[in-house]
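Trainee: fold the stuff below for me.
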Amino acid sequence: MEWPRGETELIAEQRRLAAAAPVPWRPPAGGWRSVALGGVFVCSGRGKSGAGSRGDREWGGSALLEPGRRPLTAVVAGTAGAPYVPGLLALREGALLEAAARALPRLPAVLLVDATGRDHPRRAGLALHLGALLGVPTVGVTHRPLLATGEWPPPRHGERSPLRLDGELVGYWLTTRDGTRPLAVHAAWRTGPDVAADIVLAASSGRARTPEPLRQARHAAREARSAALGIRAARPGEPL
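Mentor: Residues are numbered from 1 along each chain as shown. Next comes the predicted model:
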């Protein structure tokens with residue numbers, strides 16, 4: 001499977017993926033302590049405003065956290081495939097996120113992605129698309145929903161509240177750290193909303209708002225950008 005080369009091709013692929021019915025993933029009998037979790041994140045050198053352009057410099061970071069082993073990270077440098085357009089993020093970042101995941105020595109059991117899943121106009125956001133291409137269950141984790149709506153849960157670790165799109169449950173607001181705003185957790189490839197939220201909670205230490213695999217992937221990408229452009233990256237001990 002390859003990434004679509006334009007909007008029309010991507011929309012057709014998103015509709016195909018939304019209609020697919022893969023076997024749902026479930027945690028193993030050994031529980032969360034036996035699950036290898038990963039994360040992928042892209043950061044850009046263009047700054048924080050605007051949609052950007054095709055060819056913008058980007059860095060894709062990935063992380064692998066396996067039980068009983070030291071965390072592993074990898075970074076791949078590349079360029080954006082398109083400007084940012086809501087619902088079409090795969091054209092901009094899909095190939096780089098895939099490259100970052102494949103730069104790890106092995107793929108995780110579940111991958112956390114900085115993108116949406118079922119919260120999407122065609123129910124197949126980049127987190128879902130990437131999981132289908134890699135053959136790995138995925139969960140989307142973002143700061144805000146794309147289209148879904150729902151009230152925030154209480155600011156206590158582990159609290160969740162539903163995110164719905166046209167009446168369909170597509171994810172949850174999830175509080176991963178006491179006293180902070182929640183994250184939007186998205187059902188994606190082979191993960192439903194409840195399992196997705198359970199995965200993110202298992203990957204969260206309670207000390208940082210971002211789940212650990214995604215936090216480490218983001219830090220690796222930002223460190224690489226910092227080295228290339230002289231932009232200061234956040235230190236490991238700073239809140240993320």
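
Trainee: the longest helix in the chain is where?
Mentor: helix 212-229 (DSSP state H).

Trainee: in that one, what counts as buried?
Mentor: By 16 or more other Cβ atoms under 10 Å, the buried positions in helix 212-229 come out as 212-225. Using the backbone N, CA and C atoms, a C-beta is placed for each residue, glycine as well.

Trainee: what do you get for stretch 60-80?
Mentor: Applying 16+ other Cβ under 10 Å to stretch 60-80 flags 60-66, 72-78, 80 as buried.

Trainee: residues near the nearest residue to Gly135 once chain neighbours are set aside, how many?
Mentor: Leaving aside its chain neighbours, Gly135 sits nearest to Leu107 (8.0 Å; criterion: Cβ to Cβ, 6 or more residues apart in numbering). The local packing of Leu107 (other Cβ atoms under 10 Å) involves 16 other residues.

Trainee: which residues touch Leu107?
Mentor: Counting by Cβ atoms under 8 Å, 6 or more residues apart in numbering, Leu107 touches 38, 101, 134-136.

Trainee: check Thr191 too.
Mentor: 24-25, 110, 117, 137-139, 199.

Trainee: next one: it from Leu174, what distance?
Mentor: 13 Å (Cβ to Cβ, to the nearest Å).

Trainee: my read: Leu146 touches Asp119, true?
Mentor: Yes - with contact defined as Cβ atoms under 8 Å, Leu146 counts as touching Asp119 (5.0 Å).

Trainee: flag the shaky bits of this structure, pLDDT-wise.
Mentor: In the predicted model, the chain carries pLDDT under 70 at residues 46-49, 231-240.

Trainee: so where do the strands sit in it?
Mentor: In the chain, the strands defined using DSSP state E lie at 37-44, 57-65, 72-79, 110-113, 138-142, 160-165, 168-174, 183-187.

Trainee: ok, and what's touching the fourth one?
Mentor: Residues outside strand 110-113 that contact it (Cβ under 8 Å, 6+ apart): 25, 35-40, 97, 101, 126-127, 130-131, 134, 136-141, 188, 191, 199-200, 203, 211, 213-214.

Trainee: the fifth one now?
Mentor: Here strand 138-142 makes contact (Cβ under 8 Å, 6+ apart) with 110-117, 119, 125-128, 130-131, 171, 183-191, 196, 199-200, 210-211, 214.

Trainee: how about the strands of the chain in JSON lines, adding distance to Glu93?
Mentor: Putting these into JSON lines (distance: least, Cβ to Cβ, whole Å) gives the following:
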{"stretch": "strand 37-44", "distance to Glu93": "5"}
{"stretch": "strand 57-65", "distance to Glu93": "7"}
{"stretch": "strand 72-79", "distance to Glu93": "9"}
{"stretch": "strand 110-113", "distance to Glu93": "10"}
{"stretch": "strand 138-142", "distance to Glu93": "13"}
{"stretch": "strand 160-165", "distance to Glu93": "22"}
{"stretch": "strand 168-174", "distance to Glu93": "19"}
{"stretch": "strand 183-187", "distance to Glu93": "15"}
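
Trainee: what's the closest of those to Met1?
Mentor: For Met1, the closest of those is strand 138-142, at 14.5 Å, according to Cβ to Cβ.

Trainee: export the longest helix of the chain as CSV, just CAs?
Mentor: Provided in CSV are the C-alpha atoms of helix 212-229 (Å, rounded to 0.1, in the frame of the first residue of the first chain):
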residue,chain,number,x,y,z
GLU,A,212,5.0,8.7,27.4
PRO,A,213,5.5,7.1,23.9
LEU,A,214,4.2,10.2,22.2
ARG,A,215,6.0,12.5,24.5
GLN,A,216,9.3,10.8,23.8
ALA,A,217,8.7,10.8,20.0
ARG,A,218,7.9,14.5,20.1
HIS,A,219,11.0,15.3,22.1
ALA,A,220,13.2,13.3,19.7
ALA,A,221,11.7,15.2,16.7
ARG,A,222,12.1,18.6,18.4
GLU,A,223,15.7,17.8,19.4
ALA,A,224,16.5,17.0,15.7
ARG,A,225,14.8,20.2,14.6
SER,A,226,16.8,22.1,17.2
ALA,A,227,20.1,20.7,16.0
ALA,A,228,19.2,21.5,12.4
LEU,A,229,17.8,25.0,12.8
